[in-house]
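> Got a predicted model here, sequence first, then my questions.
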Amino acid sequence: MNKLDKLFHLKEHNTDVKTEVMAGITTFMTMAYILAVNPSILAESGMDRGAIFTATALASFIATCLMAVLSNYPFVLAPGMGLNAYFAYTVVLGMGFTWQMALAAVFVEGIIFILLSLTNVREAIFNAIPMNLKHAVSVGIGLFIAFIGLQNAGIVVSSATLVSMFSFKTSIKEGTFNTAGITVLLALIGIIITGILVAKKVKGNILWGILITWVLGIICQLTGLYVPGEGMSLIPDFSNGISVPSLAPTFMHMDFSKIFTMDFVVIMFAFLFVDMFDTLGTLIGVASKADLLDKNGKLPKIRGALLSDAIGTSVGACLGTSTTTTFVESASGVAEGGRTGLTGLVAAALFALSLLFSPIFLAIPSFATAPALIIVGFLMLTSVTKIDFNDYTEAIPAYIAIIAMPFMYSISEGIAMGVISYVVINLVCGKAKEKKISILMYVLAVLFILKYIII
């Protein structure tokens, strides 16, 4: 225990081993879906599903260990959602690139990221963003992950009005309650259960919420109330024993033959841009919620955090997966009290273990993890009280950043909208000199505007 305290400075961060372990388990549980979703998406590009599963687990393990060692922060990394869809559906299926070429683009993006991290460019961007916008990013991410949770649970569905609530009446009428309706009901029950546990300040509340919801689902399956789809079950299936899928079909299969073409450069920069600002947004939001920012709004040891992300991306490409990035679900561990790299190491160990016990982790359904995301969204929303609403030149850009994230379904778009509106509103209102807006903020605003015009 003393060694762990010395290594991770637990007392200094007002935490202990038990809290960090629970936080690490919670973060992993809310992220475990990536082990099922990432292979499913990337397999559409022609890649081997088993190899992708192994690459996903290993990339997450390596990158998260680097984060724990280089920065001592409770952030967990894995191949990012959104970027994997861009990889499969846009680059490979849409533009006609092979998955080997797409992996090469991810690898090059990671190398450029490493260079930017070592030369302080990314750190400078982080520090240039005003404090009110940083709080807004935390709030925006909260709404964003709550929306993801609502979608994962099937509570919010697409409709003629873009989105609407799931209809139990229609589900019963069409005879789909036992397949779809019951999972939505379980998710709603899970939200209430998790909310009660959080309100009562039960230790490990979010993790308990996930497990209780999952167990309720298993009971419903065993009693026939829930009928899973073909080949699916909430009960772990060890009928094939314990085995780790081979990496051979994807390991070091990168194709650099089109590296000097304009298409390759555009793809690589698309990966780079989204990864950079998703990562910065996540770091800002989660670090703000964890009170890891200093009085000037800077994140100490940010270089280590950014470097971990960058190295993880290149390593992941070598293994055979899309861009590895810092996960916003890290906020669930922070909400559990995680404050140091020990949280990350616990989550990393579970990613490694998942290689052997994948049936258990893959059996946890999205309707069980969704309540955790929704409640964590609430916890991140509380940062809204830190925004200065008396100064409209601060409050309006913060508001724009907040609403852009869930409505545009992107952390990076929220940051872009926030930065552009902050610079423009303060310039027009004559507050730019008074607030000493950094040159980098102006450069970012121009680059974001150009992005919307060119890309």
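Great, that's in hand.
> quick one: contacts for Phe144?
By Cβ atoms under 8 Å, 6 or more residues apart in numbering, the contact list for Phe144 reads Val328, Gly377, Met405, Pro406, Tyr409, Ile411, Gly414. For every residue, glycine as well, the C-beta is placed using N, CA and C.
> what about it, helix or strand, and which?
Assessed by DSSP states H and E, Phe144 sits inside helix 131-152.
> Partner strands of the next helix or strand after that helix, with direction?
With elements assigned by DSSP H and E, the helix or strand that comes after helix 131-152 is strand 156-159. Applying DSSP bridges, strand 156-159 is found paired with strand 162-165 (antiparallel).
> Can you list the neighbours in contact with the strand it pairs with?
The list of residues contacting strand 162-165 from outside it, by Cβ under 8 Å, 6+ apart, reads Ile155, Val156, Val157.
> Can you report how many residues lie near the first one?
When neighbours are counted by other Cβ atoms under 10 Å, Ile155 registers 20.
> List the residue ranges of this structure that fall below the pLDDT cut-off.
Filtered on pLDDT under 70, the chain yields the residue ranges 1, 82, 362, 455.
> which residues touch the residue nearest the centre of the chain?
In the chain, the centroid-proximal residue (Cα atoms, centre = their mean) is Phe327; its distance is 2.9 Å. Neighbouring residues of Phe327 by Cβ under 8 Å, 6+ apart: Thr27, Met31, Ile34, Phe75, Val76, Leu77, Ala78, Gly80, Thr282.
> now the third one, nearest residue through space, not along the chain?
In other words, Ile34. Nearest residue to Ile34, sequence neighbours excluded (Cβ to Cβ, 6 or more residues apart in numbering): Ala78, at 4.9 Å.
> Neighbouring strands - and their directions - for the helix or strand that contains the one you found?
Per DSSP H and E, Ala78 falls inside strand 77-79. Its sheet considered, strand 77-79 pairs with strand 324-326 (antiparallel) by DSSP bridges.
> sec struct for Gly96, please.
Under DSSP: H, G, I helix; E, B strand; the rest coil, Gly96 falls in the coil class.
> Quick check: phi and psi on it?
Main-chain torsions, Gly96, degrees, to the nearest 10: phi 80, psi 10.
> what about it, distance to Ile267?
Separation of Gly96 from Ile267 (Cβ to Cβ, to the nearest Å) stands at 11 Å.
> now swap in Ser117 and tell me
For Ser117, the distance to Ile267 (Cβ to Cβ) stands at 21 Å.
> okay, these two: which has more neighbours?
Legend: neighbour count by other Cβ under 10 Å for Ser117 and Ile267, higher for Ile267 (25 against 21).
> Can you report how many residues lie near the residue lying closest to that one once chain neighbours are set aside?
Of all residues beyond its chain neighbours, the one nearest Ile267 is Ala105 (4.8 Å), with distances taken as Cβ to Cβ, 6+ apart. When neighbours are defined as other Cβ under 10 Å, Ala105 has 30 of them.
> my guess is Thr56 contacts Ile34, does it?
Yes: using Cβ atoms under 8 Å, Thr56 makes contact with Ile34 at a distance of 6.4 Å.
> Now do the same contact list for Met31.
Applying Cβ under 8 Å, 6+ apart to Met31 gives the contacts Ser60, Val76, Ala78, Phe327, Glu329, Ala347.
> rerun that using 6 Å as the cut-off
By Cβ atoms under 6 Å, 6 or more residues apart in numbering, the contact list for Met31 reads Ala78, Phe327, Glu329.
> in terms of contact, does the first one touch Leu35 like I think?
No: counting by Cβ atoms under 6 Å, Leu35 is not a contact partner of Ala78; they are 8.4 Å apart.
> Who are the packing partners of the longest helix along the chain?
When the chain is parsed with DSSP state H, its longest helix is helix 262-289. Counting contacts by 3 or more Cβ pairs under 6 Å, 6 or more residues apart in numbering; DSSP states H and E, helix 262-289 packs against helix 99-118, helix 131-152, strand 324-326, helix 330-335, helix 411-428.
> buried stuff in that helix?
Using 16 or more other Cβ atoms under 10 Å as the test for burial, helix 262-289 gives 264, 267-289.
> and if you look at stretch 424-442?
If you call a residue buried by 16+ other Cβ under 10 Å, then stretch 424-442 has these buried ones: Ile425, Asn426, Ala432, Ile437, Met441.
> buried set for stretch 114-124?
Under 16+ other Cβ under 10 Å, the buried positions of stretch 114-124 are Ile114, Leu116, Ser117, Arg122, Glu123.
> ditto for stretch 150-168
Buried residues in stretch 150-168, counted by 16+ other Cβ under 10 Å: Leu150, Gln151, Asn152, Ala153, Gly154, Ile155, Val156, Phe166.
> What does the last one show for phi and psi?
Spelled out, it's Phe166. phi -60, psi 140.
> what's the distance between His13 and Val334?
His13 sits 11 Å away from Val334, taking Cβ to Cβ as the criterion.
> do the same with Thr170
Per Cβ to Cβ, Thr170 is found 38 Å from Val334.
> Which of those two has more residues huddled nearby?
Taking other Cβ under 10 Å, Thr170 and Val334 do not tie; Val334 has more neighbours (28 against 12).
> Touching, the more buried one and Leu292? I think so.
No: contact between Val334 and Leu292 fails when scored by Cβ under 6 Å: they sit 8.8 Å apart.
> Next up, the contacts around Val384.
With contact set as Cβ under 6 Å, 6+ apart, Val384 has these partners: Val139.
> does it count as helix, strand or coil?
Per three-state DSSP, the local secondary structure of Val384 is helix.
> Check the gap between it and Val91 for me.
For Val384, the distance to Val91 equals 37 Å [Cβ to Cβ].
> Likewise for Gly304?
Distance of Gly304 to Val91, given as Cβ to Cβ: 30 Å.
> out of these two, which sits in the more crowded spot?
Neighbour tally, Gly304 and Val91, criterion other Cβ under 10 Å: the higher count belongs to Val91, 25 against 19.
> Can I take it that that one is in a helix?
Yes: under three-state DSSP, Val91 falls within a helix.
> Check which element follows the strand holding Ala78 along the chain.
Counting by DSSP H and E, the next helix or strand C-terminal to strand 77-79 is helix 83-85.
> And that following helix, what does it pack against?
helix 34-42.
> list the buried ones in the helix it packs on?
Neighbour counts using 16+ other Cβ under 10 Å place Ile34, Leu35, Ala36, Val37, Asn38, Pro39, Ile41, Leu42 of helix 34-42 among the buried residues.
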